[in-house]
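In: no sequence for this one, just the structure:
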């Protein structure tokens with residue numbers, strides 16, 4: 001978690017407000033209207049954000065902010081907790097051990113104290129502040145630096161838009177859900193490269209299905225000139241448990257990483273970036289894999305899947321919660337506000353749900369992008385059913401229709417959907433499901 005220096009202006013403290021300087025305005029996501037604030041090791045407190053006046057307001061703010069001892073403080077922002085953490089500069093004492101080992105303790109004390117308190121004089125401090133603030137807090141992502149480092153390819157316009165949106169709007173936490181073949185992997189790797197080039201990502205873990213480990217390794221080397229070690233590399237295996245912390249860039253199967261003998265070491269490491277391919281495997285928050293990814297200590301995380309919803313809306317909730325906890329509120333609130341039926345298949349308040357999802361998800365469709373795909377022709381081949389097959393098909397279809405029309409009084413709509421799909425394949429496909437009823 002990166003830390004910055006902010007100015008704590010208490011000019012309006014008697015009016016129940018603390019003014020936000022440029023650091024705080026850029027550090028706190030624009031879509032938030034309230035935030036938890038924590039000072040040193042004290043308990044955090046929830047305050048409101050007034051963007052029109054650029055102030056933090058709320059009851060008890062005067063007493064709370066008295067814990068900030070000077071006009072400047074160290075500040076960081078925890079995305080997962082929506083928590084702004086302020087720390088006072090540590091007081092320097094002439095009695096500190098460090099001063100007993102230098103030739104001129106008084107002069108050393110004076111210089112170190114000036115550094116710690118930033119006592120450079122207002123003019124000099126302002127010059128330094130103006131020079132570094134934009135680069136330190138919000139780098140300019142209008143131009144993608146990584147395009148000059150790519151090999152054998154160039155980005156399409158929609159991919160450039162997606163990468164910039166992830167970098168500027170989502171701040172490196174996104175669900176990439178492009179349709180199959182549109183290049184989610186390229187988009188994710190480009191985001192990663194932008195962070196690497198700018199020095200924001202050094203420790204990176206990529207989690208993929210076992211069958212894709214080698215493919216990711218080859219693609220990163222060939223197209224982005226990035227050397228990642230894989231968890232099945234002999235050098236990695238030889239080092240044992242220490243390999244996870246030793247190597248800065250690792251590609252691993254999620255099946256291997258989530259095992260207790262590995263996860264206990266991985267969860268102790270702070271990662272600048274996590275990428276998870278085929279993220280629909282994390283659709284169930286009760287699984288070991290979901291909980292493992294949720295516990296990872298990370299700044300940025302990209303989840304890649306063409307199917308964010310396979311069975312019901314709960315899966316979308318679980319994926320978004322990995323990226324931005326609280327974005328869809330609690331699970332019970334999510335069901336109450338956005339789901340029509342107990343089957344969790346039909347949404348309500350669609351526009352509001354779409355607005356919240358758009359804060360973390362990008363989905364490009366083939367019909368919307370500027371690419372000419374090979375034209376495909378669909379041909380329907382009719383297969384006549386035998387009399388007994390036709391009778392079986394009609395009976396099961398009537399059974400599905402009758403139960404579906406009963407609504408919540410009938411069988412699970414999800415089960416009925418599966419039965420009809422399997423029936424459309426063959427009688428042999430649907431039999432195992434029918435036997436379980």
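Out: Cool, got the structure. Only a predicted model underlies this, so the values are computations on that prediction, with no experimental measurement involved. Numbering: from 1, shown residues only.

In: For residue 300, which non-adjacent residue is closest in space?
Out: residue 172 (3.1 Å; Cβ to Cβ, 6 or more residues apart in numbering). Quick note: C-beta positions are derived from backbone N, CA and C, even for glycine.

In: and the one you found, how many residues sit next to it?
Out: 23 (other Cβ atoms under 10 Å).

In: Check it and give its pLDDT.
Out: Per-residue pLDDT puts residue 172 at 89.

In: measure it to residue 246 for me?
Out: Distance of residue 172 to residue 246, computed by Cβ to Cβ, to the nearest Å: 24 Å.

In: Repeat that for residue 200.
Out: 21 Å.

In: what are the ranges of the strands in this structure?
Out: 4-7, 17-19, 34-39, 45-50, 55-57, 72-78, 83-87, 173-176, 204-208, 229-230, 249-253, 270-276, 297-304, 361-362 (DSSP state E).

In: Can you flag the weakest of these by average pLDDT?
Out: Comparing mean pLDDT across those, the weakest is strand 4-7, with a mean of 76.

In: Which elements pack onto that one?
Out: helix 22-27, strand 72-78, helix 122-137 (3 or more Cβ pairs under 8 Å, 6 or more residues apart in numbering; DSSP states H and E).

In: how does the chain divide into domains?
Out: 4-136, 145-327, 387-436 (automatic domain parsing).

In: and residue 355, which of these is closest to it?
Out: Evaluated with Cβ to Cβ, the domains of the chain place domain 4-136 nearest to residue 355, the distance being 9.7 Å.

In: ok, residue 188 to residue 198 distance?
Out: Between residue 188 and residue 198 the computed distance is 16 Å (Cβ to Cβ).

In: cool, residue 375 as well?
Out: Distance, residue 375 to residue 198, by Cβ to Cβ: 41 Å.

In: and what of residue 296?
Out: Counting by Cβ to Cβ, the gap from residue 296 to residue 198 is 22 Å.

In: Would you tell me which helix is longest in the protein?
Out: Ranked by residue count, the top helix of the chain under DSSP state H comes out as helix 387-405.

In: I'd say residue 50 and residue 35 touch.
Out: No. Residue 50 is beyond contact range of residue 35, at 11.5 Å (criterion: Cβ atoms under 8 Å).

In: Between the two, which has more neighbouring residues?
Out: Higher neighbour count among residue 50 and residue 35: residue 35, with 21 against 14, using other Cβ under 10 Å.

In: And residue 375 and residue 198? Which one has more around it.
Out: For residue 375 versus residue 198, the count of surrounding residues by other Cβ under 10 Å is larger for residue 198: 15 against 5.

In: So that one sits against residue 143, correct?
Out: No. Look at residue 198 against residue 143 with Cβ under 8 Å: they stay out of range, at 11.5 Å.

In: re earlier: for residue 50 and residue 35, list the residues in contact with both.
Out: Listed as contacting both residue 50 and residue 35 by Cβ atoms under 8 Å, 6 or more residues apart in numbering are residue 56.

In: rewinding a little: okay, residue 200 and residue 246: which has more neighbours?
Out: More crowded of residue 200 and residue 246, by other Cβ under 10 Å: residue 200, with 17 against 13.

In: Test my guess that the more buried one contacts residue 272.
Out: Yes. In this structure residue 200 lies within contact range of residue 272 using Cβ under 8 Å: 6.4 Å.

In: shared neighbours, those two?
Out: Shared contacts of residue 200 and residue 272 (Cβ under 8 Å, 6+ apart): residue 299.

In: Can you give me the buried ones in stretch 404-420?
Out: Buried residues in stretch 404-420, counting neighbours by 16 or more other Cβ atoms under 10 Å, are found at 413, 415, 416, 419, 420.

In: and if you look at stretch 360-377?
Out: Buried residues in stretch 360-377, counted by 16+ other Cβ under 10 Å: 360, 361, 362, 363, 364, 369.

In: quick one: contacts for the last one?
Out: Spelled out, that is residue 369. 156, 158, 182.

In: give the contact list for the second one.
Out: Yep, that's residue 158 we're talking about. Contacts of residue 158 by Cβ under 8 Å, 6+ apart are 182, 364, 368, 369, 370.

In: any low-confidence regions in the protein?
Out: Across the chain, the ranges flagged by pLDDT under 70 are 1-2, 90-92, 94, 96-105, 107-109, 111-140, 342-344, 370-374, 408-410.

In: Name the residue most distant from the centre of it?
Out: In the chain, residue 387 marks the outermost C-alpha relative to the chain mean, sitting 54.2 Å out by Cα atoms, centre = their mean.

In: for the contacts of residue 369, which one is nearest residue 396?
Out: Taking those together and measuring to residue 396 by Cβ to Cβ, the closest member is residue 182, at 37.1 Å.

In: thought the closest one was touching residue 367?
Out: No. In this structure, residue 182 is not within contact of residue 367 by Cβ under 8 Å, at 11.0 Å.

In: what about the closest residue to residue 183 other than its chain neighbours, neighbour count?
Out: Excluding the flanking residues, the one nearest residue 183 by Cβ to Cβ, 6+ apart is residue 159, at 5.9 Å. By other Cβ under 10 Å, 20 other residues sit near residue 159.

In: Contacts only, for residue 159.
Out: Counting by Cβ under 8 Å, 6+ apart, residue 159 has contacts 183, 186, 187, 190.

In: So which of the residues you listed wins on neighbours?
Out: Neighbour max across those (other Cβ under 10 Å) = residue 187, 27 neighbours.

In: Could you dump the strands of the chain into JSON lines with distance to residue 318 added?
Out: Output for the strands of the chain, formatted as JSON lines (distance: least, Cβ to Cβ, whole Å):
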{"stretch": "strand 4-7", "distance to residue 318": "32"}
{"stretch": "strand 17-19", "distance to residue 318": "36"}
{"stretch": "strand 34-39", "distance to residue 318": "23"}
{"stretch": "strand 45-50", "distance to residue 318": "25"}
{"stretch": "strand 55-57", "distance to residue 318": "32"}
{"stretch": "strand 72-78", "distance to residue 318": "21"}
{"stretch": "strand 83-87", "distance to residue 318": "22"}
{"stretch": "strand 173-176", "distance to residue 318": "11"}
{"stretch": "strand 204-208", "distance to residue 318": "16"}
{"stretch": "strand 229-230", "distance to residue 318": "28"}
{"stretch": "strand 249-253", "distance to residue 318": "21"}
{"stretch": "strand 270-276", "distance to residue 318": "13"}
{"stretch": "strand 297-304", "distance to residue 318": "11"}
{"stretch": "strand 361-362", "distance to residue 318": "13"}
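
In: out of these, nearest to residue 283?
Out: strand 297-304 (10.6 Å).

In: Tell me the helices and strands packed up against the closest one.
Out: Counting contacts by 3+ Cβ pairs under 8 Å, 6+ apart, strand 297-304 packs against strand 173-176, helix 184-197, strand 270-276, helix 313-323.
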